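A.B. asks: turn this into a structure:
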Amino acid sequence: MTRRRILVINPNSSASVTAAIDDAVAPLRIAGGPDIEVVGLAEGPPGISSQRDADSVVMPLVNRVARDHADAFVLACFSDPGLHAVREAAGGRPVLGIAECGIFRALMLGERFGIIALSPSSIRRQQRMARVMGVDSRYAGSWSVGASAAETAGADIRGRLIDAGRALVTQCRADVVVMGCAGMASHRAAIADAIGVPVVEPAQQAVAAAIGAVLLNT
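C.D. replies: Just a heads-up that it's a prediction; the model follows:
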């Protein structure tokens with residue numbers, strides 16, 4: 001019997017971000033579960049820092065998914081680029097966006113969620129996303145750390161991520177925080193310890209949902 005497989009796609013070309021995602025989902029590689037493969041997108045920009053960047057990877061993602069035989073897919077970028085187009089290309093196989101999954105998980109953990117954002121441009125996209133998802137009444141806001149996706153995978157950014165998380169709690173009144181870039185994954189526990197509220201790492205949540213979808217055939 002062929003082992004089932006989940007393909008996690010980082011839509012940018014940053015190897016450090018892809019490695020951070022791979023490390024984040026490592027605890028989900030469980031006995032009897034599907035294989036979890038994490039790949040980057042060679043055609044992608046170094047980071048998804050604008051709507052134009054997000055739009056530029058839609059067709060490369062569609063083409064990548066259409067030619068792959070994975071049982072489920074995760075789009076590991078908080079902009080969820082091309083989510084609906086990729087779902088069409090997947091032909092009924094599950095496609096999970098990390099922003100959608102991360103936000104839904106946050107709604108289970110608190111009343112008001114905030115998002116640690118890369119940049120002011122990211123904040124505008126997150127505001128639109130909350131509105132489109134119909135959860136804006138529970139969206140406390142986003143706080144920018146002024147960094148690239150690749151920078152968030154390094155150790156030097158941790159203090160700024162903690163400061164952003166703390167600002168979301170103290171100034172925006174969030175009681176749960178979502179990390180707004182897959183590259184931030186390694187900092188989740190440190191941020192949660194520092195700010196005292198749950199912190200959601202969205203790539204983990206999306207892969208966990210994909211595992212459930214594959215095992216349950218839903």
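
A.B. asks: my read: residue 29 touches residue 36, true?
C.D. replies: Yes. At 5.5 Å, residue 29 and residue 36 qualify as touching, with contact defined as C-beta atoms under 8 Å. Every C-beta, even on glycine, is put in place using the N, C-alpha and C of the backbone.

A.B. asks: who's more crowded, the two?
C.D. replies: A count of neighbours by other C-beta atoms under 10 Å puts residue 36 above the other of residue 29 and residue 36, at 21 against 14.

A.B. asks: which strand or helix spans the closest residue to that one other than its chain neighbours?
C.D. replies: With sequence-adjacent residues excluded and distances taken as C-beta to C-beta, 6 or more residues apart in numbering, residue 36 is closest to residue 6, at 5.0 Å. Assigned by DSSP states H and E, residue 6 belongs to strand 5-10.

A.B. asks: residues in contact with residue 191?
C.D. replies: By C-beta atoms under 8 Å, 6 or more residues apart in numbering, the residues touching residue 191 are 116, 158, 161, 162, 165, 177, 179, 199.

A.B. asks: what do you get for residue 100?
C.D. replies: 80, 83, 133, 206.

A.B. asks: could I get the contacting residues of the third one?
C.D. replies: Residue 133 is in contact with 100, 103, counting by C-beta under 8 Å, 6+ apart.

A.B. asks: how close does it sit to residue 40?
C.D. replies: Residue 133 sits 27 Å away from residue 40, going by C-beta to C-beta, to the nearest Å.

A.B. asks: also residue 79?
C.D. replies: To residue 40, residue 79 is 16 Å away according to C-beta to C-beta.

A.B. asks: with neighbour numbers in mind, choose between the two.
C.D. replies: In terms of neighbours (other C-beta under 10 Å), residue 79 is the more surrounded of residue 79 and residue 40; the figures are 25 against 19.

A.B. asks: dump the residue contacts of the residue nearest to the more buried one when sequence neighbours are not counted.
C.D. replies: Nearest non-adjacent residue to residue 79, counting by C-beta to C-beta, 6+ apart: residue 54, 4.2 Å away. By C-beta under 8 Å, 6+ apart, the contact list for residue 54 reads 48, 77, 79, 81, 82, 125.

A.B. asks: so where do the strands sit in the chain?
C.D. replies: 5-10, 35-40, 72-75, 95-97, 113-117, 139-144, 176-179, 199-200 (DSSP state E).
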